[in-house]
Structure formats: structure tokens, C-alpha cells
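In: pasting the structure only:
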């Protein structure tokens, strides 16, 4: 597929577990030199390795002989558990996220009936919101007309293009749970209160019946995370909310509505998801294996270093967090980005991952964003660098060639598809 206009919302992300471990390892080494005593820990979130000092990680400093055998999983590189899909991902699930604001972009305006659905199995409308007061499903902002729901599901009236297409409403997204917004506490509130949860489930089912949606994708970013308005009770409450929705769907006249949810790749946020518990009621999980890096890294332990945002080695590491918890590969859909993440280089002669950046890159002529570059804006292809192991490419661009962007093309996308097939994943999302 090369439908570059069908993409998911650019979501922020913190560093993944391996990058957090860089900082943790330095701390551990310092403690060992000081002969600090053992700090036993009964449990490590996500079953990562717990060292004898009580620190969490997934590398040799934490796993193997240095690991508390009764806490977490002590394997450094856990293999995928049973439950691999025998179906190639491109014949299993190919999910396209349609941005509801695509019709009002400054360039490449894209109405729903232009979506190249022929290569998709599922189409996720992104994003629908939940009204904080009524708990009704609604459009995400005043600029999005309510008819955008029906215009998206009307695609099913042209099933000759794809007779099996399933259309989902994706609820939430990064902005929905932003700090200082009226919508941030909504997911937490309806998950914590059984009455509110049931009211929402009823409203959701009515919404889906009215507009003709085939399923729903819950994109809560993120339960449990204090920096995103979460609390520790979100972990168990999210499972209860998923159960309520599943029971409502199963009791409906249609009974075969599908249900999915979205997770990050970073340990920092993923530790608050009870993925096995959620999958008791959801059909599969969508893993946001993109936006692994961006200009926001300057505020994280990794610092202001350029790194590709779809690095396959990091995707494999993030997948390992699921394998530690016996999540069947067939229940996992990984994401790919049809856009690039860009940086402004501190030194234009230092262009490899790990080089410093100092601020935002030159804005793309289509995205009008300093951190995101659309495929159509990537015109300089003379200085392409290809990293086989990471399965990414990058270029420098701009008048001074001091802007840096990483991206995927047909070659690197195939590597990611090959990995998904090798492991037996359940599909891809775009």
C-alpha cells in the first residue's frame, strides 16, 4: 500500500524502555560501587527484570544473574509466546486511520470518499470525542461537522471497492487527554464509576447503530500516568470499562461489533496497561510503533539527539514487553507511519543518529508543522542514508541542509512487514 494520505494522528511519546535503561544502568553501577545493600522488590510492572537493587529494566544489568528470580521475568530477550497468526499481515488486518481534519488541510485535501479502501480491511475514523457532561460520542471540535461520521461510514455504500471493509470509530487520541482540557478526566471518570461506564456504553452503542460503525477503537493516552491526568486505579478500572462495553455489544441485536484499544511502546506509559486483562474483552490491541522520537526528546533522559521515529530494533524491544506478559502475537497490530519526524541539526556535518539537534526543523510546506514532514514534501533524495538494522532511511534538507528527517519507504516498510510475518502478528495499522 502506498496510500500516504491515510495516516494516524501524530502522537507524542516518551523514550522506550531501552533508553530509560541507559539512565537506570548508570544509577545501578554507581550504587554497586558504593556497596549499597539489596533493595528487594516484590513486583516489577510488565514483568520486566528486577535487579537485586530493586531497579527495573530489560538488559543484562537487570536480567540473568542480576535478577530477582521471584519478581518479573528474568529473560533479557524473551521469545514471543504461543498464539502466532499463520496469516500474513497484509492478508489479515490492514487498518487505516482517517484524520477527520483531512478535508480542511492546506494541501492534499482529502474527503472520506477519496480514501483508497481497496487495500484496507479496516478504516478507523480518528477521532471521535466523548462529551464530558452527557457522555455522548461527538465530533472532536467545532470545525468538524457532525456529518463527517456519516460521510465516512457512507463509504460502505460503495462496497464494490471493498466488500469486506469494516469501519471503526476511534475514540480519544493524544489531544483528548491533554492537560488543562475538559476532556482529560473523561476516560478515568467513566472507568471508575460503573454507572457512568454503563451510560457511556449505552450511548456508544446508540452512536454506532445510528451512523453504521462496525466497531470501536479506544485510544486513552494514558491511563495511570500522572503527567497525563491518570491515577493508579485506572489500571484495573480500564479493564472493567472494557468489560462493560463488550457486554453491551454482545447483548445488542448485531452482536458482532468489534472492539480494539491502542497502546504506546514506551515502558513509561505502557506499565499502566493491563494488556492481558483488556484482551479478555477486546479483539486485538494496536501498538503505536511510530513517533518513538521527536523534538520532545530534548525534555527526556535521551536528550536533544536525533533518532529515527520508526526504528525496527526499538519496535522489537517494545514488543518484548508484551511477550513478557504472554500476549499472543496474533492479538497485536503494529503501526507504521507514512510521514517523517524532523529535527534542526546543531551541526549540519553531523547527520547520524545520536547527533545533536537544537530546536525545530524547517516547517513542511504541507503539514505546516516543524516536527512532521509529509511524504510529498520530501524532495531531496540525493543524500539518502539507509540503516538496514533499524529499517529506516533519513535525509537532510533545506537550503543549508541542516534539517534532518527519518522516514520509511517501500524497502523499509517491507522489512517491517517481514518482521510482523516472522513473529506472527495480527496486522498493520497506518
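Out: Yep, it's here. What you see is a predicted model, and the numbers here were worked out from it, not measured in a lab. Residues are numbered from 1 along each chain as shown.

In: Domain map for this protein?
Out: The chain breaks down by automatic domain parsing into domains covering 89-336+410-429, 341-407.

In: Nearest to residue 47 among these would be which one?
Out: Comparison of the domains of the chain against residue 47 by C-beta to C-beta identifies domain 89-336+410-429 as nearest, at 4.1 Å. C-betas here are computed from N, CA, C, even on glycine.

In: before we move on, the earlier item: could I get the domains of the chain as a markdown table with mean pLDDT and distance to residue 62?
Out: What follows is the domains of the chain, written out as a markdown table (pLDDT from 0 to 100; distance: least, C-beta to C-beta, whole Å):
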| stretch | mean pLDDT | distance to residue 62 |
| --- | --- | --- |
| domain 89-336+410-429 | 95 | 12 |
| domain 341-407 | 87 | 23 |
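
In: Just put those in a markdown table and tack on distance to residue 68 and mean neighbour count.
Out: Formatted as a markdown table, the entries for the domains of the chain read as follows, by distance: least, C-beta to C-beta, whole Å; neighbours: other C-beta atoms under 10 Å:
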| stretch | distance to residue 68 | mean neighbour count |
| --- | --- | --- |
| domain 89-336+410-429 | 14 | 19 |
| domain 341-407 | 32 | 18 |
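
In: any chance of those domains in JSON lines, plus distance to residue 61?
Out: Shown next, in JSON lines, are the domains of the chain (distance: least, C-beta to C-beta, whole Å):
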{"stretch": "domain 89-336+410-429", "distance to residue 61": "15"}
{"stretch": "domain 341-407", "distance to residue 61": "20"}
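
In: So which of the ones you listed is nearest residue 63?
Out: Of all those, the one in closest proximity to residue 63, counting by C-beta to C-beta, is domain 89-336+410-429 (10.6 Å).

In: ok now that closest one, how far from the chain's centre?
Out: Shown here is domain 89-336+410-429, whose average C-alpha point lies 8 Å from the average C-alpha point of the whole chain (C-alpha atoms, centre = their mean, to the nearest Å).

In: With respect to residue 51, which of the domains of the chain lies nearest?
Out: By C-beta to C-beta (comparing all of the domains of the chain), the closest turns out to be domain 89-336+410-429, at 14.9 Å.

In: So what does the closest residue to residue 146 other than its chain neighbours have for phi and psi?
Out: Leaving aside its sequence neighbours, residue 146 sits nearest to residue 139 (C-beta to C-beta, 6 or more residues apart in numbering; 5.6 Å). Backbone geometry at residue 139, expressed as degrees, to the nearest 10, gives phi -70, psi 160.

In: Numbering from 38 from now on, please.
Out: Yep, numbering from 38; the last one is residue 176 now.

In: Report the beta-bridge partner residues of residue 176.
Out: Listed by DSSP bridges, the beta-bridge partners for residue 176 are residue 165.

In: Is residue 214 in contact with residue 258, as I believe?
Out: Yes - between residue 214 and residue 258 there is a contact under C-beta atoms under 8 Å: 4.9 Å.

In: anything in contact with each of the two?
Out: Listed as contacting both residue 214 and residue 258 by C-beta atoms under 8 Å, 6 or more residues apart in numbering are residue 265.

In: show me where the stretch 188-337 of the chain has helices.
Out: With DSSP state H, counting those that start in this stretch as the definition, the stretch 188-337 of the chain shows helices at residue ranges 223-229, 231-248, 271-287, 304-307, 312-315.

In: residues in contact with stretch 211-221?
Out: With C-beta under 8 Å, 6+ apart as the test, stretch 211-221 has contacts from 46, 48-49, 164, 166-167, 169, 177, 223-224, 256-259, 264-266.

In: and the end-to-end length of that stretch?
Out: Taking C-alpha to C-alpha, to the nearest Å as the measure, stretch 211-221 stretches 10 Å from start to finish.

In: same thing with stretch 261-272?
Out: The straight-line separation of the ends of stretch 261-272 (C-alpha to C-alpha) is 6 Å.

In: Would you mind listing the outside residues contacting that stretch?
Out: Stretch 261-272 is contacted from outside by 214, 216, 221-222, 224-225, 228-229, 258-260, 305-306, 308-311, using C-beta under 8 Å, 6+ apart.

In: and if we set it to 10 Å?
Out: Contacts of stretch 261-272 with the rest of the structure, by C-beta atoms under 10 Å, 6 or more residues apart in numbering, involve 49, 51, 82, 211, 214-218, 220-225, 228-229, 257-260, 273-275, 278, 301, 305-311, 314-315.

In: coming back round to it: now render the helices of the stretch 188-337 of the chain as JSON lines, adding distance to residue 443.
Out: Putting these into JSON lines (distance: least, C-beta to C-beta, whole Å) gives the following:
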{"stretch": "helix 223-229", "distance to residue 443": "31"}
{"stretch": "helix 231-248", "distance to residue 443": "37"}
{"stretch": "helix 271-287", "distance to residue 443": "32"}
{"stretch": "helix 304-307", "distance to residue 443": "21"}
{"stretch": "helix 312-315", "distance to residue 443": "28"}
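
In: for those, which one sits closest to residue 362?
Out: Judged by C-beta to C-beta, the one of those that comes nearest to residue 362 is helix 312-315, at 5.7 Å.

In: who does the closest one touch, helix- and strand-wise?
Out: Counting contacts by 3 or more C-beta pairs under 10 Å, 6 or more residues apart in numbering; DSSP states H and E, helix 312-315 is packed against helix 271-287, strand 295-300, strand 321-324, helix 349-360.

In: Touching, residue 279 and residue 318? I think so.
Out: Yes - using C-beta atoms under 10 Å, residue 279 and residue 318 qualify as a contacting pair, with a distance of 4.4 Å.

In: coming back round to it: could you report the distance from the residue nearest to residue 183 to residue 463?
Out: According to C-beta to C-beta, to the nearest Å, residue 176 and residue 463 sit 30 Å apart.

In: now swap in residue 394 and tell me
Out: Using C-beta to C-beta, we find residue 394 at a distance of 35 Å from residue 463.

In: And for residue 261?
Out: From residue 261 over to residue 463 the distance is 25 Å, taken as C-beta to C-beta.

In: before we move on, what about residue 432?
Out: Computed with C-beta to C-beta, the distance linking residue 432 and residue 463 is 32 Å.

In: coming back round to it: any chance of the helices and strands packed on helix 312-315 in JSON lines, plus distance to residue 240?
Out: Written out in JSON lines, the entries for these read as follows (distance: least, C-beta to C-beta, whole Å):
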{"stretch": "helix 271-287", "distance to residue 240": "10"}
{"stretch": "strand 295-300", "distance to residue 240": "15"}
{"stretch": "strand 321-324", "distance to residue 240": "23"}
{"stretch": "helix 349-360", "distance to residue 240": "31"}
